[in-house]
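> Structural data only, the sequence is not supplied:
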Ligand SMILES: *[C@@H]1O[C@H](CO)[C@@H](O)[C@H](O)[C@H]1NC(C)=O
C-alpha cells in the first residue's frame, strides 16, 4: 500500500514537471486555435491573409516572424505588384506559394517552437526566391525600382534580401552588388559581418 501511494505520488508530481520541462526547455508552445481549412486554402492561393490566420493559431510573441516578416513583405509585394514585369509577377506568385507551403507544415503542428519557425521560414524564403530565378540578372534589373521599394531602407529588409542573394553565388553577387550598393548605405557594414 505504501509502495502504491509512493508511486502515485511520484507519478502525479513528476509527470507535469517532466512535461513542463520538456515543453519549456524546447520553448514549444501549444496551438491556441483549431486548424482552419479556410486558412489552408489561403496558403494554397498565396493569399497574404494566410500569415494572419497562421498567427491566430500560433501566436508568437518574441519571435513574431509571421507578422513582421511574412505578412509585411507579402503586403509590400502586393502593393507594388502592378509595377513588376510579367516574368516578375510569375516569380512573386511562385515564391509566395513555395514559402507558404513550407509554413503550412508548422500550421498543422499542435506545438511549435517560434524560433524554429522563424529560422526555417527565413531559409525557405531565400531558397524559394533563388530556385524561382532571382539570380537571373534580368529579373532583378528589369524590376529594380519595384524591388527597391519592397526592400526599402531598413536593416531587416536588407538582411532579408541578402539572405536570398547569398544563394546566388559569386556570379550573382557580383552583378547585384552594383545596384544594391547605390541603395543601401549599410550594405558594406553588413557584408563585413
Ligand atoms: C498570379 O496570381 C494571381 C492570383 O492567384 C493571378 O490572378 C495572376 O494571374 C498570377 N499572375 C501570373 C503572372 O501568373
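Sure, I can see it. None of the values given here were measured: they were computed from a predicted structure.
> The ligand contacts on this protein?
By CB under 6 Å from any ligand atom, the residues of the chain that approach the ligand are 45-46, 86, 89-90, 93. Every C-beta, even on glycine, is put in place using the N, C-alpha and C of the backbone.
> Report the contact partners of residue 156.
Under the criterion of CB atoms under 8 Å, 6 or more residues apart in numbering, the neighbours of residue 156 are 68-69.
> what helix or strand is it on?
Assigned by DSSP states H and E, residue 156 belongs to helix 155-166.
> wait, what's in contact with the residue most central in space within the chain?
In the chain, the centroid-proximal residue (CA atoms, centre = their mean) is residue 121; its distance is 3.6 Å. If you count contacts by CB under 8 Å, 6+ apart, residue 121 has them with 65-66, 69-70, 99, 102-103, 106.
> May I ask which helix or strand encompasses it?
Here residue 121 is covered by helix 114-131, with elements defined by DSSP H and E.
> Would you mind getting the angle between that helix and helix 155-166?
50 degrees (axes from the mean of the first three to the mean of the last three CA atoms, to 10 degrees).
> Surely residue 80 touches residue 146?
Yes. Contact criterion CB atoms under 8 Å: residue 80 and residue 146 qualify, at 4.9 Å.
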